[in-house]
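>>> I'll drop the sequence and a predicted model, then ask my questions.
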Amino acid sequence: MLEQRTLASKASLTGVGLHTGEPVRLVLVPAAPGTGVVFVRTDLPGRPRIEARLESLGTRPRRTALVGQGIEVHTTEHLLAALYGAGVQDVEVRMDGPEVPGLDGSALPFYEAIRAAGVVGQGSPARELRVARAARVEDRGASVEAFPRRDGLRLRYVLDYGQLRPDGDPSLVRQSFELEVTEETFAREIAPARTFVLEEEVRALQAEGLGKGASTRNTLVVGCSGVIDNTLRFPDELARHKVLDLLGDLCLLGARIHGRILAVRSGHALNVRLARELAGELVQAGREAVGAGRTPRGETSEA
């Protein structure tokens, strides 16, 4: 049985948001079974809360943002991916600013803080989603597909920025990466992969008021001649980071996923569209369990 898990103690991190540039302190706090991932804005009156669920998603460019009930929390995907990778389903995320800190642009600092705090089982079954049938969403040459699989989650991402025509190795902008998601593979193969931006996009992002906290130290800037003022951690680091983002977006389902997912040139918007398709299976599974006189896994019944 997969258990719901939380932290054994608090963990804190400080930094600036990649897009807002605002300083923020983030504290991860243990939570009771069934809590899920809940963000708390400690800097706002009443300390408003918002759950990391599909229902809370706001439409914001180039990041996964939660919006509602007078609260916004931006760029949640790296932290959510780290929580999924560590197997943590229940946690309170207290923040004194609007955006999760960017840190080094990867999920590794979040994962390391989680492991340093410790992770403990809570004796309650984890909520799980098993992909029952193939599902596909697509848009302008990009797509994400999900396929049934008996156990575990396997992800593959195909990246293609061939229009850059780099002077060096074309593998920089045409990459693919695939792996079985376990805590070990997440920590070693996905968590260290950093966020990136194409050099040709930088001015447009700045014109939109984004990237105020980004630099070549925490964001890989990819130009025609390669990565600017930085060194890759992996030859295929861009595709690996796309896998990281995909995992963070799928975390909004609030369940451990069993299935195989293939993404081609997708971003946050398309990832979320697939998650919404899969969410229907969670609802159906809950209805079937109730109809059979059982309580859905990871939930409690009330008299």
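In hand now; what should we look at? Numbers count the residues shown, from 1 in each chain.

>>> now the helix or strand encompassing residue 262, how far from the chain's geometric center?
Assigned by DSSP states H and E, residue 262 falls within strand 256-264. Centroid separation between strand 256-264 and its chain, computed with C-alpha atoms, centre = their mean, to the nearest Å, is 13 Å.

>>> counting by contacts, list what it packs against.
Judged by 3 or more C-beta pairs under 8 Å, 6 or more residues apart in numbering; DSSP states H and E, strand 256-264 is in contact with strand 128-130, strand 142-147, strand 153-160, helix 237-250, helix 268-291. Every residue, glycine included, has its C-beta placed from N, CA and C.

>>> what do you get if the cut-off is 6 Å, keeping everything else the same?
Packing partners of strand 256-264 (3 or more C-beta pairs under 6 Å, 6 or more residues apart in numbering; DSSP states H and E): strand 128-130, strand 142-147, strand 153-160.

>>> and the gap between residue 21 and residue 209?
Look at residue 21 and residue 209: by C-beta to C-beta, to the nearest Å, they are 10 Å apart.

>>> which one's more surrounded, those two?
A count of neighbours by other C-beta atoms under 10 Å puts residue 21 above the other of residue 21 and residue 209, at 15 against 10.

>>> quick one: the more buried one is in a helix?
No - secondary structure of residue 21 (DSSP: H, G, I helix; E, B strand; the rest coil): coil, not part of a helix.

>>> which residue, other than its chain neighbours, is closest to it?
Excluding the flanking residues, the one nearest residue 21 by C-beta to C-beta, 6 or more residues apart in numbering is residue 212, at 3.1 Å.

>>> pretty sure that neighbour contacts residue 22?
No - counting by C-beta atoms under 6 Å, residue 212 stays clear of residue 22, with 8.0 Å between them.

>>> where does pLDDT dip in the stretch 151-300 of the chain?
When residues are selected by pLDDT under 70, those of the stretch 151-300 of the chain lie in 162-171, 282-300.

>>> now the angle from the strand holding residue 262 to strand 142-147?
140 degrees (axes from the mean of the first three to the mean of the last three C-alpha atoms, to 10 degrees).

>>> partners of strand 256-264 in the sheet?
Here strand 256-264 has these sheet partners by DSSP bridges: strand 128-130 (parallel), strand 142-147 (antiparallel), strand 153-160 (parallel).

>>> show me where the stretch 101-250 of the chain has helices.
108-117, 183-185, 202-207, 237-250 (DSSP state H, counting those that start in this stretch).

>>> off-centre distance for the last one?
Mean-position distance between helix 237-250 and its chain equals 7 Å (C-alpha atoms, centre = their mean).

>>> got the angle between it and strand 256-264?
Put simply, helix 237-250 runs at 140 degrees to strand 256-264, going by the same axes, to 10 degrees.

>>> contacts for helix 237-250?
With contact meaning C-beta atoms under 6 Å, 6 or more residues apart in numbering, helix 237-250 is reached by 64, 77, 80-81, 84, 107, 155, 157, 159, 175-177, 190, 193, 195-196, 234, 263, 268, 271-272, 275.

>>> which residue packs closest to the residue nearest to the spatial centre of the chain, ignoring adjacent ones?
Centroid-nearest residue in the chain: residue 248, 1.3 Å away (criterion: C-alpha atoms, centre = their mean). Spatial nearest neighbour of residue 248, excluding adjacent residues (C-beta to C-beta, 6+ apart): residue 77 at 3.3 Å.

>>> could you point out which element follows the helix or strand in which residue 26 is found?
Element membership of residue 26, judged by DSSP H and E, is strand 23-30. Next in sequence after strand 23-30, counting helices and strands by DSSP H and E, comes strand 37-41.

>>> what pairs with that following strand, and is each one parallel or antiparallel?
Sheet pairing for strand 37-41, assigned by DSSP bridges, gives strand 49-51 (antiparallel), strand 91-95 (parallel).

>>> what's next to the first one, contact-wise?
The set of residues that contact strand 49-51 without belonging to it, under C-beta under 6 Å, 6+ apart, is 36, 38, 39, 40, 56, 66, 68, 71.

>>> go again with 8 Å.
Contacting residues not belonging to strand 49-51 are listed as 36-41, 56, 66-69, 71, 73 [C-beta atoms under 8 Å, 6 or more residues apart in numbering].
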